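Novice: let me see the structure of the following:
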Amino acid sequence: MQSSDQFNEIAAALAAAQAEFKVAPLNSINPFFKSRFANLYAIREATYESLAKNKLAILQTHKHDRDFDEWSLETTLIHSSGQWFRLTYPLLLAKKDAHGFAAATTYARRVSWQTICGAVASGDEDAGEDDDGNTAVGGEPDVHTKTAKTEAQARAESEARAELWVGRALEAVKKMENLDQLKNLYSRNEDTIKNMAAINASAYAKFETGYHARVKQLTPDVPPPKLQPEVVAMQDEPAPQWPEWFVRAMDDVAAIEDIAALEDMHAHVMDRMPDDNDMLSQWAKRYDSHKKVLQHRKGQAKKK
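Specialist: Numbering: from 1, shown residues only. As a prediction, the model looks like this:
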């Protein structure tokens, strides 16, 4: 779930609203599994009045992933302060037609609305539903058993679709020609990728492995230029008795990655340089050598 940078006001408003939420009744029946559930209307009626009272609103919109041709639903809980929470739910279509899209949207709207509000339905365990007393008297809990089977089937279908999504995603990853394209691809689909971890952990791991392998393939391998012979010789020689600040400067040069920063350090060293030809010579060698390294890296980056 995403949120605005600050969420103190919306958190307080949501807490106040939750204290006044009604329990949504199980007002619908699944005709295939004979199970009861609270539909979108019931969830909305149980929460809408309290949300409005606390200056909260819900916005639900579709989001299209053009890279993988996948749809998701974004549910945003907005407070009058401008603070917000956002939940992204993938639309896992049973059929890729208008009816399948509408059915997946309705299901996603109901689940997302209930989730982002923290609302409950009368069939939720914590609400005390006892399937009309069947469980208490030892009878067969038909509704709950069938509902459990339905949930297991839904999980299996979601995991299978996640596998298909990862397959398409990795094909798109392979088509990226440079790191910028690859990182933009990941950024555009970050919410879906994170949701994938909860839907199918193995599929998520497969995607991450393939993605990072492609990152490694596209990362330029630039070997540093060879040091000048006199610099190599200087590294093998015992250090003379130089001032401590000069020794640190000689050591710190290698960590500088920007030519402008190197020039600033050079100016600082020259300001403090005593009348010592050996120190001046050694510094000039170290400075010139590292400057060539940085220039080489800059040239290689431009070629890429």
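
Novice: got phi/psi on the residue nearest to the spatial centre of the chain?
Specialist: In the chain, the centroid-proximal residue (Cα atoms, centre = their mean) is E190; its distance is 4.4 Å. Backbone geometry at E190, expressed as degrees, to the nearest 10, gives phi -60, psi -40.

Novice: next one, pLDDT for it please.
Specialist: On pLDDT, E190 comes in at 80.

Novice: equivalent analysis for the one 10 residues further on, please.
Specialist: Confidence per residue is given as pLDDT, and for N200 that number is 79.

Novice: equivalent analysis for L92, please.
Specialist: Note for L92: predicted pLDDT of 73.

Novice: where does the prediction get shaky in the stretch 51-200 of the chain?
Specialist: 67-68, 94, 123-154 (pLDDT under 70).

Novice: all strands for it, in order.
Specialist: Applying DSSP state E, counting those that start in this stretch to the stretch 51-200 of the chain gives strands spanning 56-65, 70-79, 84-90.

Novice: can you redo those strands as a markdown table with mean neighbour count and distance to A13?
Specialist: From N, CA and C alone the C-beta is placed, and that goes for glycine too. Listed next are these as a markdown table, based on neighbours: other Cβ atoms under 10 Å; distance: least, Cβ to Cβ, whole Å:
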| stretch | mean neighbour count | distance to A13 |
| --- | --- | --- |
| strand 56-65 | 15 | 6 |
| strand 70-79 | 20 | 5 |
| strand 84-90 | 20 | 11 |
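
Novice: closest one to Q295 among those strands?
Specialist: With Cβ to Cβ as the criterion, Q295 lies closest to strand 56-65 of those, at 42.0 Å.

Novice: with just CA atoms, put that closest one into CSV.
Specialist: C-alpha atoms of strand 56-65 as CSV (Å, rounded to 0.1, in the frame of the first residue of the first chain):
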residue,chain,number,x,y,z
LEU,A,56,-12.9,10.9,4.0
ALA,A,57,-13.7,9.9,0.5
ILE,A,58,-12.9,6.9,-1.7
LEU,A,59,-11.8,7.1,-5.3
GLN,A,60,-11.5,3.9,-7.4
THR,A,61,-10.0,4.0,-10.9
HIS,A,62,-8.6,1.6,-13.4
LYS,A,63,-4.9,1.4,-14.2
HIS,A,64,-3.5,-0.1,-17.4
ASP,A,65,-0.1,-1.7,-17.6
